[in-house]
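S.K.: Build me a model from this:
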Amino acid sequence: MFDFYRVSAAVPDVRVGDTEYNVEKIIEKIEKSERYEAQVIAFPELCITGYTCQDLFFDDTLIARSDAAIDKLVKYSENIKQVIVVGAPSKIEGHLYNAAYVIFAGRLCGISVKTFLPNYNEFYEKRWFDSAADITVPADKTIFYKGYKIPFGNDIIYDLNGFKFAIEICEDLWAPINPGTYYALGGAEFIINISASNEVIAKREYRRSLVLDASARGICNYLYVSAGSSESTQDLIFSGHSMLAENGSMLNENTDFIANDYLMMADIDLGRIRSDRIKNKTFTDAVTLNKAFTGQMRTVDVTGGRKIKLPDSDGKYYIINKHPFIPSSKVKRLKRCNEIFDMQVGGLVKRLRVTGCKPIVGVSGGMDSTLALLVAAKALKVLDKPATDLIAITMPAFGTTGRTYNNSLTLIKALGAEPVIIDIKDACIQHLKDLGHSMDVKDITYENTQARERTQILMDYANMANGLVVGTGDLSELALGWCTYNGDQMSMYGVNGSIPKTLVKWMIDSVVENSIFPECSEVLKDIIDTPISPELLPPDENGNISQKTEDSVGPYELHDFFLYYLMRFGYSPSKIYLLAGRAFDNDYSKEEILKWMKMFYRRFFSQQYKRSCMPDCVKVGSVALSPRGDLRMPSDAASSIWLNEIEKL
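M.R.: As a prediction, the model looks like this:
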């Protein structure tokens, strides 16, 4: 369901050379995985016999008992609705191969053979095994098993009702060009590596980097499962290191440094993989350029043409970050925010250097304008320009509160600039009077008059002072169109245009934590704690902010969540609703999520015209809305099919 699949990595206890014991332990893990309704379970390399059998692999008794264990697994699988991938030696036409057997519902589907055999340092695999690259007989690379033909080799992609996967074996991952790359180009979305990788100092991190890199280059999910510590410790120790990566990110990983006898379960979301492969034309080009090889690959229907209904995976084991734009740990968050801040500064530095202008920022005392002001101040430092070149204009009007006004002045002065104060109330009153608009009517005209007056002042002041108006609007506001057309929607260069609202406060927090402007720390902390508001309606009777943005437009954390999955992966409203329901289970009711989802989609479509003429802004993340880059969308596109889908949820 929704492209979710449940997979498991199993590291059973093994006795080296004891195939009967080993197959029983493998069955125990399959039974446990079956209870969790996994669709695929993968076991380590040569786990039927044990990887460390060494010259025992030459013994006919061991090979015969290994074959018998495979037969037992095939028989056992008749009532099992999950694909079993298990490592064992395979003797074919006088050659012995290090292989992965793929078993499903009482049928042996194929035998994937290891290509790269390590034969250096502690490894001697060429002593016992032949490579898949050396297969010459039989010519069609098939064998008979129980009266039917099955393929073997390193050119097999398995198809489970549209879920395509392929198998590497250990050292294959270490090769300069690994088989998994070709499998991915051939259509496999999920690569399984069954391994027996011994542990030495620093190898775990290197192995981890290989898995992450393979999943990123192949735009795929990559499951790695390695032999555990019950293998022979005569000269080596095996750690049972298992990992599941998704396009360069780690989804799951066993935490024990030396591990054995466990089952690691996770859900994968192939919707992400499929979305990225459609978008990434470099991947598409690589598919075309490698047709000579990938075109020869064989696709095996693991169901054997049988109509077998698999358990649906609802993705409940897929980890969902309710704040996808924000790293989960403080260390990562501070690092990410610092990098973004440097990108913002770098973009503005280039623009100021080319134009020779001074930065002009309209400062409201809110978080967006604060971040833009900090970027402008740092850009001047990089350019070795005096802080007094920073033109910071605060323009109090009908909704300005004492808290935001005073914070504006305090911050500007702490940065070494002199605030320019221009009260716009009289100008707005005159404008409304010219329009014949009553001051008692606090409608959208009343609000937008103030926003456009502020923009007019900033633009005219820029003419007067050789300035460049630095935009303050953020990504979330652009997504919702929560900005005034030809008002705060417009600037000469935007520095916040690809930063979501949920990240803005953490950007300011990182400035405090990293002591970039230590003299501003206290006022910045208060700005972070100030409610989000455009301050276009008068304060309440106590002088506090009366107009809170999220009361009108909805929680920004929800809108940022919707935006991320819509833009990053093109998910349907139904799938986004499912994910949001899980991510925000303790925060919002389903009715609330639906309410604000409708708001998001309605505004996202209807407000495209504001984004179509948005100013230049530096892109800092994977989601951006620039009409010159990430979002080529007609301003008059209809939203009906999306809204109709939401109505049915």
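
S.K.: now the closest residue to Tyr145 other than its chain neighbours: how far from Ile157?
M.R.: Of all residues beyond its chain neighbours, the one nearest Tyr145 is Leu108 (5.1 Å), with distances taken as CB to CB, 6 or more residues apart in numbering. Bear in mind the C-beta positions are built from the backbone N, C-alpha and C, glycine included. When distance is defined by CB to CB, to the nearest Å, Leu108 is 17 Å away from Ile157.

S.K.: just for this protein, where's the confidence low?
M.R.: Across the chain, residues meeting the criterion (pLDDT under 70) sit at 535-536, 545-546.

S.K.: 50 - rerun?
M.R.: Applying pLDDT under 50 to the chain picks out no residues at all.

S.K.: and the most centrally placed residue in it, how far is that from Ser215?
M.R.: If you average the C-alpha coordinates of the chain and look for the closest C-alpha using CA atoms, centre = their mean, you land on Ser249, 7.0 Å from that point. Computed with CB to CB, the distance linking Ser249 and Ser215 is 8 Å.

S.K.: One more: Lys203?
M.R.: The span separating Lys203 from Ser215 equals 19 Å under the rule CB to CB.

S.K.: More neighbours: the two, which one.
M.R.: In this view Lys203 and Ser215 are compared by other CB atoms under 10 Å, and Ser215 has more residues nearby, 28 against 13.

S.K.: mind listing what's buried in the helix or strand encompassing the more buried one?
M.R.: Per DSSP states H and E: Ser215 is located in helix 203-217. For helix 203-217, a neighbour-count test (16 or more other CB atoms under 10 Å) marks Arg204, Arg207, Arg208, Leu210, Val211, Leu212, Ala214, Ser215, Arg217 as buried.

S.K.: The spatially closest residue to the fourth one that is not a sequence neighbour: what secondary structure?
M.R.: The one in question is Leu210. Counting by CB to CB, 6+ apart, the nearest residue to Leu210 once its immediate chain neighbours are dropped is Leu173, at 5.4 Å. At Leu173 the chain is in helix, as set by DSSP: H, G, I helix; E, B strand; the rest coil.

S.K.: isn't Leu173 right up against Ala214?
M.R.: Yes. Distance between Leu173 and Ala214: 6.1 Å, which falls inside the contact criterion (CB atoms under 8 Å).

S.K.: and the residue lying closest to Ala184 once chain neighbours are set aside, how many residues sit next to it?
M.R.: In space, Ala184 comes closest to Gly218 once its chain neighbours are excluded; the distance is 3.3 Å by CB to CB, 6+ apart. By the measure other CB under 10 Å, the count of residues near Gly218 is 27.

S.K.: What of Thr142?
M.R.: Around Thr142 sit 17 other residues, with neighbours defined as other CB under 10 Å.

S.K.: The chain should start at 49 in everything you say after this.
M.R.: I'll keep to 49 as the first residue from here, and by that count the last item is Thr190.

S.K.: give the contact list for it.
M.R.: Applying CB atoms under 8 Å, 6 or more residues apart in numbering to Thr190 gives the contacts Lys197, Ile198, Pro199, Phe200.

S.K.: related to what we said a few turns ago, the residue nearest to the centre of the chain contacts Leu260, doesn't it?
M.R.: Yes. With contacts defined as CB under 8 Å, Ser297 counts as touching Leu260 at a distance of 7.5 Å.

S.K.: need the contact list for the residue nearest to Leu258.
M.R.: Gly228, Asn241, Ser243, Leu258, Val259, Ala262, Tyr272.

S.K.: Pretty sure Gly135 sits against Ile215.
M.R.: No. Applying CB under 8 Å, one finds Gly135 not in contact with Ile215, separated by 9.5 Å.

S.K.: thinking again about what came up before, quick one: the contacts of Leu221 as a markdown table, columns for distance to Asp360 too.
M.R.: As requested, those are exported to a markdown table (distance: CB to CB, whole Å):
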| residue | distance to Asp360 |
| --- | --- |
| Gly228 | 27 |
| Asn241 | 26 |
| Ser243 | 30 |
| Leu258 | 32 |
| Val259 | 27 |
| Ala262 | 28 |
| Tyr272 | 26 |
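
S.K.: Closest one of these to Ser581?
M.R.: Distances from Ser581 to the contacts of Leu221, taken as CB to CB, are shortest for Val259 (46.3 Å).

S.K.: measure that closest one to Tyr99 for me?
M.R.: Noted for Val259: a distance of 19 Å to Tyr99, by CB to CB.

S.K.: repeat for Lys120
M.R.: Lys120 sits 20 Å away from Tyr99, taking CB to CB as the criterion.

S.K.: Comparing these two, which residue is more hemmed in?
M.R.: Tyr99 (25 against 17).

S.K.: between Leu221 and Ala262, what contacts are shared?
M.R.: Gly228.

S.K.: Can you report how many residues lie near Phe171?
M.R.: Residue crowding around Phe171 was assessed by other CB under 10 Å; the count is 15.

S.K.: Same question for it, what's its three-state structure.
M.R.: coil.

S.K.: likewise Ala136?
M.R.: Reducing the assignment to helix, strand or coil with three-state DSSP, the entry for Ala136 is strand.

S.K.: My reading is that Leu311 lies in a strand. Confirm?
M.R.: Yes. With three-state DSSP as the criterion, Leu311 is located in a strand.

S.K.: quick one, what contacts it?
M.R.: With contact taken as CB under 8 Å, 6+ apart, Leu311 is in contact with Ser56, Ala57, Ala58, Val59, Lys77, Lys80, Ser81.

S.K.: Please apply the same query to Asp432.
M.R.: Taking CB under 8 Å, 6+ apart as the contact definition, Asp432 lies against nothing.

S.K.: same deal with Ser361?
M.R.: Counting by CB under 8 Å, 6+ apart, Ser361 touches Met49, Phe52, Tyr53, Arg54, Glu85, Gln87, Asp315.

S.K.: same deal with Val559?
M.R.: Counting by CB under 8 Å, 6+ apart, the residues that Val559 touches are Phe389, Leu422, Phe565, Cys568, Leu572.

S.K.: and stretch 326-340, which residues are buried?
M.R.: Of the residues in stretch 326-340, those buried by neighbour count under the rule 16+ other CB under 10 Å are Phe331, Ala334, Val335.

S.K.: Looking at those residues, which is nearest Gly591?
M.R.: Taking CB to CB as the measure, Gly591 lies nearest Phe331 of these, at 57.0 Å.

S.K.: contacting residues around the closest one?
M.R.: Taking CB under 8 Å, 6+ apart, one finds Leu233, Ile267, Asp324, Arg325 in contact with Phe331.

S.K.: Check which helices and strands the host helix or strand of the last one sits against.
M.R.: Yep, that's Arg325 we're talking about. Using DSSP H and E, Arg325 sits within helix 318-327. Secondary structure elements in contact with helix 318-327, counted by 3 or more CB pairs under 8 Å, 6 or more residues apart in numbering; DSSP states H and E, are strand 52-59, helix 329-337, helix 604-617.

S.K.: orientation of it relative to strand 52-59 in degrees?
M.R.: Helix 318-327 and strand 52-59 meet at an angle of 110 degrees, taking axes from the mean of the first three to the mean of the last three CA atoms, to 10 degrees as the criterion.

S.K.: Tell me which residues are up against helix 318-327.
M.R.: With CB under 8 Å, 6+ apart, helix 318-327 has contacts from 50-53, 211, 237-238, 267-269, 294-295, 331-332, 616-619, 623.

S.K.: Recalculate using a threshold of 6 Å.
M.R.: The set of residues that contact helix 318-327 without belonging to it, under CB atoms under 6 Å, 6 or more residues apart in numbering, is Asp51, Glu237, Ile267, Cys268, Phe331, Phe617, Gly618.
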